[in-house]
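**Student:** No sequence on hand, only this structure:
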């Protein structure tokens, strides 16, 4: 028995191989040469070992192409040397995006979306400016305003300009976004990057990150912002950010008919317009006038089949039949009345916007106005009205430079309405929908409680009413003529 066990043990020992023998390969002469044991792979190196992401095919490049830094190290600090955290920011986009998108970067840098010079100059002119600025970055930095224009410049830099491409927007869930190119071409929510896949064509989600809060685009979705006072926001008042993704609750009114049909913003506002390659915007007649379509080259997303025209939407390539202007009213009013005078279902009519710069920390007066459409002011008020919280400094950041300065800007309105659509004439005499965009009144109380400016109105003509195109298009209905006739009668009365 012992002999049997001994023989079995020796057999197993002789037949067993060492690790080196297991990896041995036969040589040409028939001998076996042992190989060195294989080493286990060490920790993964590079950016994606820490930053898991999915990129679209054209941008599936090494991270350092856009972000710089070093991509083959394990140490975080060394990997981040020279890192560009926001490569699409205006300060970086020429270096980061320009090598592949030179034309787009150059054109967009001069676009109205980028410079905001139209809006900036419109407000500054209403308060006395005689020279136009080329860009929002040219707005002077004002510490102690000596004139109403100085106060206006401080208002623009610290309160108004939260949607430009130099900043990532306000701190509300649906409006925080990227900077520069990333503002339109990457998807964000609640301040976080949702996907690193670049969007060739921005969706309406990207547009509404700036076009919200009773501005053009918000009306396209039938949204009208509530008043800011707690009592006037009921029964929908909430302190939960989830229910206020755009900062303030909104009434849901009738959306634009184009939105109801599934069209997106870029179906009308093309990349050429948004990126600065063309200054002229689209007009209703560009798509709905048969003569216009026949006399000019069709836009790339419009096709003609015999006498009918269709538009191919960017939203899933949906085809939309284009109705043409066949009603007799278009022959009567077409040249003297704008389309929205008849076709707007409603419009923004916020009367008397008051903006107060207060350098004193009297917060009790604004306890019911903590929701200001500005997360920065909302955070300050809620915190400093809480006696148990450590008080935050009384000031706001410059939305262009990021510099913090004393004093905060409050906002309030006398009335918020939409049911009456104001009409008036533009410089050419054409009947247009108007909006009180420049019905602004500015005030300033310094840190000693001295009032330097008290509800100074803009010098804009027509009580701050300016032509506006409501994106609330629908059927003209039965009362379009009554709307026009009512205005014409009011003109006759005012002349008398």
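**Tutor:** On my side now, so go ahead. In this text, all values refer to a predicted model and were calculated from it rather than measured experimentally. Residues are numbered from 1 along each chain as shown.

**Student:** C-alpha from now on. contacts and neighbour counts both.
**Tutor:** Noted.

**Student:** What's the local residue count around residue 329?
**Tutor:** 12 (other CA atoms under 10 Å).

**Student:** That one: which element?
**Tutor:** helix 328-333 (DSSP states H and E).

**Student:** Got the domain ranges for the protein?
**Tutor:** Under the assignment automatic domain parsing, the domains of the chain span 47-85, 106-260, 286-323.

**Student:** Make a markdown table from those domains and add mean pLDDT, distance to residue 356 and mean neighbour count to it.
**Tutor:** As requested, the domains of the chain are exported to a markdown table (pLDDT from 0 to 100; distance: least, CA to CA, whole Å; neighbours: other CA atoms under 10 Å):
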| stretch | mean pLDDT | distance to residue 356 | mean neighbour count |
| --- | --- | --- | --- |
| domain 47-85 | 88 | 36 | 14 |
| domain 106-260 | 90 | 9 | 19 |
| domain 286-323 | 83 | 42 | 14 |
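
**Student:** Output the ones you listed in JSON lines; the columns should cover distance to residue 352.
**Tutor:** As requested, these are exported to JSON lines (distance: least, CA to CA, whole Å):
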{"stretch": "domain 47-85", "distance to residue 352": "41"}
{"stretch": "domain 106-260", "distance to residue 352": "13"}
{"stretch": "domain 286-323", "distance to residue 352": "35"}
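
**Student:** Residue 349: which of those is closest?
**Tutor:** domain 106-260 (9.5 Å; CA to CA).

**Student:** hmm, back to that, other residues contacting the helix holding residue 329?
**Tutor:** Residues from elsewhere that reach helix 328-333, judged by CA atoms under 8 Å, 6 or more residues apart in numbering: none at all.

**Student:** Just the buried positions in that helix, please.
**Tutor:** Buried residues in helix 328-333, counted by 16 or more other CA atoms under 10 Å: residue 333.

**Student:** Let me see the mean pLDDT of it.
**Tutor:** Helix 328-333 carries an average pLDDT of 90.

**Student:** Figure out how far the helix or strand following it is from the centre of its chain.
**Tutor:** Using DSSP H and E, the helix or strand that follows helix 328-333 in sequence is helix 339-343. Mean-position distance between helix 339-343 and its chain equals 27 Å (CA atoms, centre = their mean, to the nearest Å).

**Student:** Quick check: buried residues in helix 339-343?
**Tutor:** 339, 340, 341, 342, 343.

**Student:** Make TSV out of those residues and add pLDDT and distance to residue 121.
**Tutor:** Formatted as TSV, those follow (pLDDT from 0 to 100; distance: CA to CA, whole Å):
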residue	pLDDT	distance to residue 121
339	94	27
340	95	25
341	95	26
342	95	30
343	95	30
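
**Student:** Return the member of those residues nearest to residue 79.
**Tutor:** Of the buried residues of helix 339-343, the one sitting nearest to residue 79 (CA to CA) turns out to be residue 340, at 56.1 Å.

**Student:** For residue 483, see how far away that closest one is.
**Tutor:** Using CA to CA, to the nearest Å, residue 340 is found at 11 Å from residue 483.

**Student:** Residue 232 contacts residue 226, correct?
**Tutor:** Yes: the criterion here is CA atoms under 8 Å, and residue 232 meets it with residue 226 at 7.4 Å.

**Student:** Helix, strand or coil: sort out the nearest residue to residue 314 once chain neighbours are set aside for me.
**Tutor:** Distances taken as CA to CA, 6 or more residues apart in numbering put residue 267 closest to residue 314, at 6.3 Å, once the chain neighbours are dropped. Per DSSP: H, G, I helix; E, B strand; the rest coil, the secondary structure class of residue 267 is helix.

**Student:** Tell me which residues touch residue 267, please.
**Tutor:** Residue 267 is in contact with 301, 313, 314, counting by CA under 8 Å, 6+ apart.

**Student:** Dump these to a markdown table, plus distance to residue 53.
**Tutor:** Putting the contacts of residue 267 into a markdown table (distance: CA to CA, whole Å) gives the following:
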| residue | distance to residue 53 |
| --- | --- |
| 301 | 33 |
| 313 | 29 |
| 314 | 26 |
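
**Student:** Closest to residue 96 out of the residues you listed?
**Tutor:** Taking the contacts of residue 267 together and measuring to residue 96 by CA to CA, the closest member is residue 314, at 27.4 Å.

**Student:** Would you check how far apart that closest one and residue 201 are?
**Tutor:** 8 Å.

**Student:** what residues are shared contacts of these two?
**Tutor:** Common neighbours of residue 314 and residue 201 (CA under 8 Å, 6+ apart) are residue 266.

**Student:** all helices of the stretch 101-250 of the chain, in order?
**Tutor:** 102-108, 112-115, 117-126, 148-155, 182-185, 204-208, 230-233 (DSSP state H, counting those that start in this stretch).

**Student:** can you put those in TSV and add distance to residue 451?
**Tutor:** Formatted as TSV, the helices of the stretch 101-250 of the chain follow (distance: least, CA to CA, whole Å):
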stretch	distance to residue 451
helix 102-108	42
helix 112-115	33
helix 117-126	21
helix 148-155	13
helix 182-185	39
helix 204-208	37
helix 230-233	27
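
**Student:** Can you say which of these is nearest to residue 322?
**Tutor:** Here helix 204-208 is closest among the helices of the stretch 101-250 of the chain (CA to CA), at 21.1 Å.

**Student:** which strands and helices sit next to the closest one?
**Tutor:** Other elements packing on helix 204-208 under the criterion 3 or more CA pairs under 8 Å, 6 or more residues apart in numbering; DSSP states H and E are helix 182-185.
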